[in-house]
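Trainee: Pasting a predicted model and its sequence here:
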Amino acid sequence: METIKSRKENPLFTPALIPNGNNKLLDYDDENGNSFRYAQVNTRAVIDCPFATEGCKSVCYATKGNHQYSSVQESRENSRNETKRKDFSESILHTIATHKMTKRYKDSIMLIRIHESGDFYSMQYLRKWLAIWAGIEGDMNTRCVFYTKSFPFFLKLNNTEKSLINRMLESGQIAINLSVDDTTSPEQWKAYHAMRKAFPKVNTYYCTEHVDNVKHNNVCDCVNCAKCGTCNKGTGEVTVVKIHSASKADMEVYRKNIVK
């Protein structure tokens, strides 16, 4: 009989899936009494973000504060190396099932935050996640949420792959948050609009310092992400978010890069 210990000793078990959140990704219970418990898979900040904008790079929270510690950097480097495994999809599925045997996740919904730092850095890597999503489809006790700027990779997926994503968006098993800001290029904006057309349930988070100048009804000024949980749902909404937690120096760099 397999045990948690024996499953963790299996070569398929990967430390790339971290069984916790952070100071913003706090476990929470929703209005329906569901208990959500976070897990994470990360890669390297900025380096693994092929479509990062100049503005995004200048205020990226994943390069500030505690994220600069060598232990954090080493963890992301190791996770990135794990994503290069040929059996990465299988290893994540094995590791999800293993963690769900533990007390933390046994009677809860595992909410996997993909890329607290980093992004889908290649088509091959994105397709590894497609295999993972195919493996968990229908298991509403395992869900995924992520922000991304890698629109061009998603647009290159075939119709079968796009259909899988749309089914999971519709069921609420994944939430995709498209990230744009004041420095998003015209080419990336074009890809963004194509994403909205291909995946109607994707959310948009427009990060700007000019909230008061943006004419939009849906402005997020939430300070408690765990209590809110809006970005964990695929609603198809566009939300404007004012840049926060950025230093004065960071904002000066950001403003210099704003596309006029």
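Mentor: Sure, I can see it. Numbers count the residues shown, from 1 in each chain.
Trainee: Please make it C-alpha for all contacts and neighbour counts, starting now.
Mentor: Fine.
Trainee: the helices in the stretch 151-260 of the chain, which residues?
Mentor: Remark: helices assigned in the stretch 151-260 of the chain by DSSP state H, counting those that start in this stretch are 151-155, 159-171, 186-198, 225-228, 248-256.
Trainee: Run the chain-centre distance for the first one.
Mentor: Relative to its chain's centre, helix 151-155 lies at 15 Å (Cα atoms, centre = their mean, to the nearest Å).
Trainee: Out of the helices of the stretch 151-260 of the chain, which gets the lowest mean score?
Mentor: With a mean of 66, helix 225-228 has the lowest mean pLDDT of the helices of the stretch 151-260 of the chain.
Trainee: rewinding a little: with respect to Ala52, which of the helices of the stretch 151-260 of the chain lies nearest?
Mentor: helix 186-198 (10.1 Å; Cα to Cα).
Trainee: The residue nearest to the spatial centre of the chain pairs with what?
Mentor: Centroid-nearest residue in the chain: Phe146, 2.0 Å away (criterion: Cα atoms, centre = their mean). Beta-bridge pairing of Phe146 under DSSP bridges involves Ile176.
Trainee: Repeat that for Cys220.
Mentor: Here Cys220, judged by DSSP bridges, has bridge partners Val241.
Trainee: What residues does Val253 make contact with?
Mentor: Gly55, Ser58 (Cα atoms under 8 Å, 6 or more residues apart in numbering).
Trainee: typo on my end, Cys49
Mentor: Gly118, Asp119, Phe120, Tyr121, Lys149, Ser150.
Trainee: 10 Å instead?
Mentor: Contact partners of Cys49, counting by Cα atoms under 10 Å, 6 or more residues apart in numbering, are Thr43, Lys57, His115, Ser117, Gly118, Asp119, Phe120, Tyr121, Ser122, Thr148, Lys149, Ser150.
Trainee: Give me whichever of the helices of the stretch 151-260 of the chain is most buried.
Mentor: helix 151-155 (a mean of 18; mean count of other Cα atoms under 10 Å).
Trainee: if we look at it, which residues are touching it?
Mentor: Contacts of helix 151-155 (Cα under 10 Å, 6+ apart): 51, 120-127, 161-162, 165, 178-179, 187-196, 198-199.
Trainee: which stretch among the helices of the stretch 151-260 of the chain comes nearest Thr204?
Mentor: helix 186-198 (8.7 Å).
Trainee: mind checking how far Ile96 is from Arg127?
Mentor: 18 Å (Cα to Cα, to the nearest Å).
Trainee: These two: who's more crowded?
Mentor: Neighbour totals were compared for Ile96 and Arg127, and Ile96 leads with 22 against 17 (other Cα atoms under 10 Å).
Trainee: Just give me the neighbour total for Lys242.
Mentor: 18.
Trainee: Met251 is in contact with that one, correct?
Mentor: No: counting by Cα atoms under 10 Å, Lys242 stays clear of Met251, with 11.8 Å between them.
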